[in-house]
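> task: produce atomic coordinates for the following.
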Amino acid sequence: MTPDQIALAALGGLVVVVAVGSLLFVRLGRKSTDAGSSTSAGALSSRGYSGPGGGMSNFIQPPAEWRGTTLQVCGLWPYAIGAGTPMVGVPLGRHIHTGATLCCDPISWFQRAKLISNPSLFVLGKPGLGKSTAVARMAIGLAGYGVQPLVLGDLRPDYVEVIRALGGQVITLGRGRGHLNVLDPGEAKEAAQRLTEAGFPKEAGEVLEDAHGRRLAMVSSLLTILRKSPPSDVEESIVDQALRYLDRNFDGVPVLGDLLNVVQQGPEELRQVAVDRGDFAEYQRITRGLEASLISLSRGGRLGEMFSQPTDNPMRLDRPVVYDISAIGEAEGDLRAATLLACWSNGFATVNIANVLADAGLEPRRHYFVIMDELWRALRAGNGIVDRVDFLTRLNRQVGVGTAMISHTMADLSALPEEDRLKAKGFVERAGMVMCAGLPYTEMPELTSVIPFSEAEQELLTGWQDPPAWDAASGREVDPPGRGKFLVKVGTRPGIPVEVRLTEAERSIRDTNQRWYEQSRTGRRALHVVEELVEEHEERVS
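Numbering: from 1, shown residues only. As a prediction, this is how the structure comes out:
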């Protein structure tokens, strides 16, 4: 071999020796490291080695966070992130994961942000988790934007103090508490006169005809609730002509007693639609059932005198309004159904007049936020409620009305009669946005058949429905884990988890548990008796 070949072979051997030695060193070092970590420091985690001498940190200080505009934080790249939640509308709460503020209400998201195609909100959740409180915050914020909240039938009540704090009008109805005359045209006559003087005779006629149709529909609804069956075609025609007769010949605002008098007198136009063929005795026979029903409505009967006396507190156009009907108990289902229908009729008649006057330039444009809390109670109250709500959810864009419908679960809607069930489920499908609080597991299949929820979102909602825990130190229940937490869904987009926290001003007017804060007197007496029995037993044992 030449000297060069000998040198090359020696170099290659040296390289092999170095490589083998390196591999042995690495393997032996890794084994010793593993052995050392397992015996002394423990396993390696994201916070360091566990065990004695490992240096693992049990608490990691969170980094400081600041909020600012894009112009202010642009120099902090790459440590700046976007909020990721809309900032248009009423400040509702903070994102549960990021802490970003969520601004949310159906009117602002429809009118300004263009995020939804229908200014409506449907809220679902178990009782006691803050559904009414969240909607009340929207109402307060929208009032600041110039939108008038309307609560056309507060059943519990939940919104009386809110509306009163906003300087609104509280109208109380109930036996001996207030009256709502179903034959009162409200501001229709005054509005028609203003329209005529301003050169809008067609619009004036439309306002008067709308008022006439509303009164006719309300009388027919009262007859239906009273009889448990609708009036006949002949009876509706007689009532129609009697109302027109009163409009022409009665001085002032008529009541149901005046309508009864006209039916009993039988003017010529009423006898013509009754087809009595000139026989007044035949006319009396035809109107006998209608006369008996009107006597019951005008002189008390099962529905009382609430609708047969002059209106005590007329609804106004220019301020928030709540109809407080909480004095009507659960047992008076017929009276509650009739009152809800009357409140709806009167409320939307006022909204219609406001829109006509605004179109003619005689009044400023007003938008309204209609709140329908405890929707399941309203829908079960009687015939006509479901159709009325269905009409509103389809045309609220045209009439300038935003809506918030609140119920507990989808099962509440499924419990309606067959003819109303599909209409009620359509309320959720057509809602521009849906807010869900804690819901039970059994609710998920039916809910996801209407709105798509991911598995993670379903787990979030079912986790929020857990009951409150017991604090042994204070002897009280702590707030349930889902109180004030909501998932805001818009179509198929991912839901936004948000937590609503009340201000002190809101706490003073938004508390639905006030009657539970003071222990009942009978409870105190019973507790005293129990304590005496315990003491007597202990003395006997000792």
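
> show me the shaky parts of the stretch 51-200 of the chain.
82-83 (pLDDT under 70).

> and the one helix or strand residue 107 maps to, what other elements does it pack with?
When elements are defined using DSSP states H and E, residue 107 is found to belong to helix 106-111. Judged by 3 or more Cβ pairs under 8 Å, 6 or more residues apart in numbering; DSSP states H and E, helix 106-111 is in contact with helix 131-144, strand 401-407. (Each C-beta comes from the backbone N, C-alpha and C, glycine too.)

> just those: most buried one?
strand 401-407 (a mean of 25; mean count of other Cβ atoms under 10 Å).

> show the subsequent helix or strand relative to it.
helix 410-414.

> report the central residue of this structure.
residue 406 (3.3 Å; Cα atoms, centre = their mean).

> surely it and residue 131 touch.
Yes: counting by Cβ atoms under 8 Å, residue 131 is a contact partner of residue 406 at 5.2 Å.

> joint contacts of these two?
Residues touching both residue 406 and residue 131 by Cβ atoms under 8 Å, 6 or more residues apart in numbering: 123, 373.

> list the contacts of the helix holding residue 107.
By Cβ under 8 Å, 6+ apart, helix 106-111 touches 86, 88-90, 115-121, 138, 142, 145, 147, 367, 369, 397, 402-404, 432-433, 490.

> ChimeraX command for the buried members of the residues you listed?
To isolate the buried ones among the contacts of helix 106-111 in ChimeraX, judged by 16 or more other Cβ atoms under 10 Å, type:
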select :86,89,90,115,116,118,119,120,121,138,142,147,367,369,402,403,404,432,433,490
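
> out of the contacts of helix 106-111, which sit inside helices?
Members of the contacts of helix 106-111 lying in helices (criterion: DSSP state H): 138, 142.

> which ones among the contacts of helix 106-111 map onto strands?
120, 121, 369, 402, 403, 404, 433 (DSSP state E).

> what's the spacing between the first one and residue 114?
Between residue 120 and residue 114 the distance is 15 Å, computed by Cβ to Cβ, to the nearest Å.

> do the same with the second one
Distance, residue 121 to residue 114, by Cβ to Cβ: 16 Å.

> the third one too?
Applying Cβ to Cβ, the value for residue 369 to residue 114 is 18 Å.

> just the helices in the stretch 1-150 of the chain please.
Applying DSSP state H, counting those that start in this stretch to the stretch 1-150 of the chain gives helices spanning 3-36, 70-73, 106-111, 131-144.

> please name every helix or strand in contact with the last one.
Contacting helix 131-144 under the criterion 3+ Cβ pairs under 8 Å, 6+ apart are the following elements: strand 91-95, helix 106-111, strand 120-124, strand 148-154, helix 160-165, strand 368-372, strand 401-407, helix 504-509.

> of all these, which one is nearest residue 238?
For the helices and strands packed on helix 131-144, distance to residue 238 was read as Cβ to Cβ. The smallest value, 29.5 Å, belongs to strand 148-154.

> just the CA trace of that closest one, in PDB.
C-alpha atoms of strand 148-154 as PDB (Å, rounded to 0.1, in the frame of the first residue of the first chain):
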ATOM      1  CA  GLN A 148     -89.200  52.500  23.100                       C
ATOM      2  CA  PRO A 149     -89.600  49.200  25.100                       C
ATOM      3  CA  LEU A 150     -93.100  47.800  25.200                       C
ATOM      4  CA  VAL A 151     -94.100  45.000  27.600                       C
ATOM      5  CA  LEU A 152     -97.600  44.100  26.400                       C
ATOM      6  CA  GLY A 153     -98.600  41.900  29.300                       C
ATOM      7  CA  ASP A 154     -96.100  41.400  32.200                       C
END
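
> what lies in contact with it?
Residues contacting strand 148-154 (Cβ under 8 Å, 6+ apart): 139, 142-143, 159-160, 162-163, 166, 168, 318-326, 339-340, 343-344, 347-348, 351, 366-373, 378.

> so that strand versus helix 131-144, what angle?
In terms of direction (axes from the mean of the first three to the mean of the last three Cα atoms, to 10 degrees), strand 148-154 departs from helix 131-144 by 150 degrees.

> what's the angle from strand 148-154 to strand 368-372?
Using the same axes, to 10 degrees: strand 148-154 against strand 368-372 is 20 degrees.

> any idea which helix or strand in this structure has the lowest mean pLDDT?
Within the chain, no helix or strand scores below helix 3-36, which has a mean of 59 by mean pLDDT, DSSP states H and E.

> about what we covered before: make TSV out of the ones in strands among the contacts of helix 106-111 and add distance to residue 195.
Formatted as TSV, the ones in strands among the contacts of helix 106-111 follow (distance: Cβ to Cβ, whole Å):
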residue	distance to residue 195
120	30
121	33
369	26
402	26
403	27
404	31
433	36
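
> and the two most separated of these?
369 and 433 (13.6 Å).

> how about stretch 175-189: buried residues?
Buried, per 16+ other Cβ under 10 Å, within stretch 175-189: 178, 179, 180, 181, 182, 183, 184, 185, 186, 187, 188.

> start to end distance for that stretch?
29 Å (Cα to Cα, to the nearest Å).

> quick one: distance of it to the chain centre.
27 Å (Cα atoms, centre = their mean, to the nearest Å).

> what's the burial count for residue 217?
Residues lying near residue 217 (other Cβ atoms under 10 Å) number 16.

> rewinding a little: mind putting the helices and strands packed on helix 106-111 into TSV with distance to residue 413?
As requested, the helices and strands packed on helix 106-111 are arranged in TSV below (distance: least, Cβ to Cβ, whole Å):
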stretch	distance to residue 413
helix 131-144	15
strand 401-407	7
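
> which one of the ones you listed lies nearest to residue 478?
helix 131-144 (17.7 Å).

> gap between that closest one and the chain center?
10 Å.

> kindly report the same for stretch 343-356.
Using Cα atoms, centre = their mean, the offset of stretch 343-356 from its chain centre is 21 Å.

> residues making contact with it?
150, 152-153, 173, 180, 182, 186-188, 191, 195, 203, 206-207, 210-211, 214, 217-218, 315-317, 321, 323, 325, 363, 366, 368, 370, 385, 388, 392, 399-401.

> so for it, mean pLDDT?
Mean pLDDT, computed over stretch 343-356, is 87.

> likewise stretch 237-247?
94.

> hey, C-alpha coordinates of that stretch in CSV?
Extracted in CSV, the C-alpha atoms of stretch 237-247 (Å, rounded to 0.1, in the frame of the first residue of the first chain):
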residue,chain,number,x,y,z
SER,A,237,-122.2,41.1,11.0
ILE,A,238,-124.6,42.5,13.7
VAL,A,239,-121.7,43.6,15.9
ASP,A,240,-119.9,45.2,12.9
GLN,A,241,-123.0,47.3,12.0
ALA,A,242,-123.6,48.1,15.7
LEU,A,243,-120.1,49.5,16.0
ARG,A,244,-120.5,51.6,12.8
TYR,A,245,-123.9,52.9,14.2
LEU,A,246,-122.1,53.9,17.4
ASP,A,247,-119.4,55.8,15.5
